[in-house]
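1. Take a look and give me a structure for this.
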Amino acid sequence: MVGTTLIGLAASLPGSPFAFKVSGAWFFGVPASSQGVGIAQAKDLMLLIELACGFTGIVLICRSWLAIHRSLAKGGETRTRWLALILAGWSVPLLIAPPMFSDDIYSYAAQGEMVSHHINPYLYGPGVLGATPFSALAQGFWVSTPSPYGPLFDGIDGDIVRLTGHRALPSIVILRLLSVLGVILMAVLVPSLARSYGKDPSVAFSLGVLNPLVLLFFISSGHNDALMIGLLLAGLSLSRRGHFTAAIIVCTLAGAVKVPGLIGVVAIAWTFDGSDSLWRRCRSVAKACVISVVTLELLSVLFGLGWGWLRTLGASDSVTTWITPVDLAAKVVPHIHVPTVPFLDAAHVAGPACAIAVGVWALRRLPVIGLPRAMGIALMAVVLLGPTVQPWYLLWSIPILAITAGPRTATAIKVLSVAVCLLGAVGLGQLTGELGSLGLSYEGLLVLVLAASIVVPIQPMSEAARYPLSLARSLRHGRPRLALDARRA
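-> Here you go, the predicted structure:
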C-alpha cells in the first residue's frame, strides 16, 4: 500500500515523467489551461522527488508481490478473497492518481468522440476532429493514426462518450473503469480455472492477477487489453464447462476488442471434443470460424463500423520500443554493416511467421501441455516475435499461463514481470534523458533511496504475528498447554 501510494504521489506531482502532463489531462496535477498546451516537465529537485517516489513504489510492490507468492508457493493457507482485497486496496491510490505510464487512454477517448459523431475511426485519426479537448489530449503518433481496435471496443467507446455528454475527463474515467472490469473478470476466473485444473487457486491468483504489471498497466494506465483478457478467460471458462458455442462467441468478443483474442477461438475449437482425429478437429475449427464471423458481422452492424478494422490492425507496428526483440536487433545490425531498414522489414515478416510456427507447435502439443499452457505459449510468441512489444502486451499470456504454471513457468513470469515493471514504466530513452538532467549529486541521492527500498525488510506475515491466533484458538478449545507454548514462543 505504501508502494502504490508513492507511485500515485509521484504521478500527481507537477511535471511528473510517469503521467501525461498537459492541460485537461486529469482533475489535478496538470498545468492550468492558461499555461499553454505543451507537455510540462519537472526539473532538478522536483524531478528527483518524483523519480524517487515512483521507482521506490515500484520496487516495494514488486517485492511485496514476490514475498506473497513465495509464501503461497510454500503452502501458505490464504483464501483467494483475501488476495482480492489486497488487490483492491493496492489499486485505490492508482485509481485516484492520473493515468500513468501510457497516454493511450486519451486516444481511446478521442476515437470514441469520433465514433459518437459517426466518423469512421478506421479511416481517420483523431486529428480530423479539429481543435477539441479530445484531439488536444491525443497528441503524438495517434493524432493521425486510425484505430487498430475491434468493433466491440470502438462501439462501446463511442457510447461512453455519448453517455458523458462529449466531455473528455468523465469519458476517460469510465474507460479506465472498463479496464478495471476486465481485471475483475480476471480475478474471478483465474482462480476458478486453476481449481478446475487441480491447481492452487491462490497461487494462480497471486501470479497472474496480483501481478505488478496488472496494477501498473491495467489498473493505472487503463489499457483495453484488460477487457480482452477478461473475455478470453471467460471463453476458456465456458469451454471448460462444455459450452462450445458460448465459449466461441465470448472469445470472438475478446477479439472484437483486440484481435489477439481470436487465438482463443482456434485453441478452444481444436481441443473441445477431445478427439485425436484431424478431420474432427478441422471440422470443429471450421464451425467455430463460422460462429465467429457471424458474431463479428452482428457487432459491425450493431455499431455501424463495418470491417474496416481489418485494414488497421498493423497501425501501431511503426512504434518502436526498446523491449521489442526485432528493434533491439536493429540497433545492433548497423554495427555489423547490415542496412537497418531492410533488416527490420524482413524481421517484421519473419517474426510473425515464427510466431505462427510456435502456435502450431503448441496446438499439436495441446493434449500433453493443456489448453491454458498452449494458449499462453501462443500468445507469448505473438508478443515477443511481433513487430512491436509494449510492457502490457506480456499480460496477454501471463494470466493464462498462471492457471497451470509450474515452478519454472512461475520463475519466468516473476523475472519477466519485475524487469518490465522497473524498466518499462518510463521508456528507456526518456529515463536516460531524465537521469542525465539530474546531475551527479541528485543521481547519487536517487541511488541511495532505491537501495534503501531494496534492502528494507518485507514479509507477508511473520510467525510471531500468528501466535496470538494460535493462543486464541487454544484458549477457546481448552488447551492450556498449547496456549502456554504459544505464549512462550
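2. who's in contact with Gly150?
-> Residues near Gly150 by CB atoms under 8 Å, 6 or more residues apart in numbering: 255-259, 296, 299, 309. Using the backbone N, CA and C atoms, a C-beta is placed for each residue, glycine as well.
3. cool, and Ala425?
-> Ala425 sits in contact with 18, 54-55, 58, 100-101, 216, 391, where contact means CB under 8 Å, 6+ apart.
4. Dump those residues to JSON lines, plus secondary structure and pLDDT.
-> Rendered in JSON lines, the data for the contacts of Ala425 read as follows (DSSP: H, G, I helix; E, B strand; the rest coil; pLDDT from 0 to 100):
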{"residue": "Phe18", "secondary structure": "coil", "pLDDT": "87"}
{"residue": "Gly54", "secondary structure": "helix", "pLDDT": "90"}
{"residue": "Phe55", "secondary structure": "helix", "pLDDT": "90"}
{"residue": "Ile58", "secondary structure": "helix", "pLDDT": "93"}
{"residue": "Met100", "secondary structure": "strand", "pLDDT": "90"}
{"residue": "Phe101", "secondary structure": "coil", "pLDDT": "88"}
{"residue": "Leu216", "secondary structure": "helix", "pLDDT": "94"}
{"residue": "Pro391", "secondary structure": "helix", "pLDDT": "87"}
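5. hmm, back to that, most surrounded residue in the contacts of Gly150?
-> Most neighbours among those, by other CB atoms under 10 Å: Ala256, with 28 neighbours.
6. what's the distance between that one and Val190?
-> Relative to Val190, Ala256 is positioned 22 Å away (CB to CB, to the nearest Å).
7. Would you map the helices across the stretch 251-400 of the chain?
-> In chain order, the stretch 251-400 of the chain shows helices spanning 263-271, 278-303, 325-332, 340-364, 366-369, 371-384, 398-402, with DSSP state H, counting those that start in this stretch as the criterion.
8. Flag whichever of these has the least confidence on average.
-> Within these, confidence is poorest for helix 325-332, with a mean of 63 (mean pLDDT).
9. quick one on the thing from earlier: if you compare the helices of the stretch 251-400 of the chain, which one is most tucked away?
-> Highest mean neighbour count of the helices of the stretch 251-400 of the chain: helix 398-402, a mean of 28 (counted as mean count of other CB atoms under 10 Å).
10. chain center to the helix or strand just after it, what's the gap?
-> The first helix or strand that comes after helix 398-402 along the chain, using DSSP states H and E, is helix 407-424. Mean-position distance between helix 407-424 and its chain equals 13 Å (CA atoms, centre = their mean, to the nearest Å).
11. and the closest residue to Leu299 other than its chain neighbours, how far is that from Thr295?
-> By the measure of CB to CB, 6 or more residues apart in numbering, the closest residue to Leu299 outside its immediate chain neighbours is Pro151, 4.6 Å from it. To Thr295, Pro151 is 10 Å away according to CB to CB.
12. Next: Ala136.
-> For Ala136, the distance to Thr295 (CB to CB) stands at 36 Å.
13. Let's see the pLDDT reported for Ile249.
-> According to the model, Ile249 carries a pLDDT of 95.
14. you'd agree it is up against Val290?
-> No: under the criterion of CB atoms under 8 Å, Ile249 lies out of contact with Val290, with a separation of 11.6 Å.
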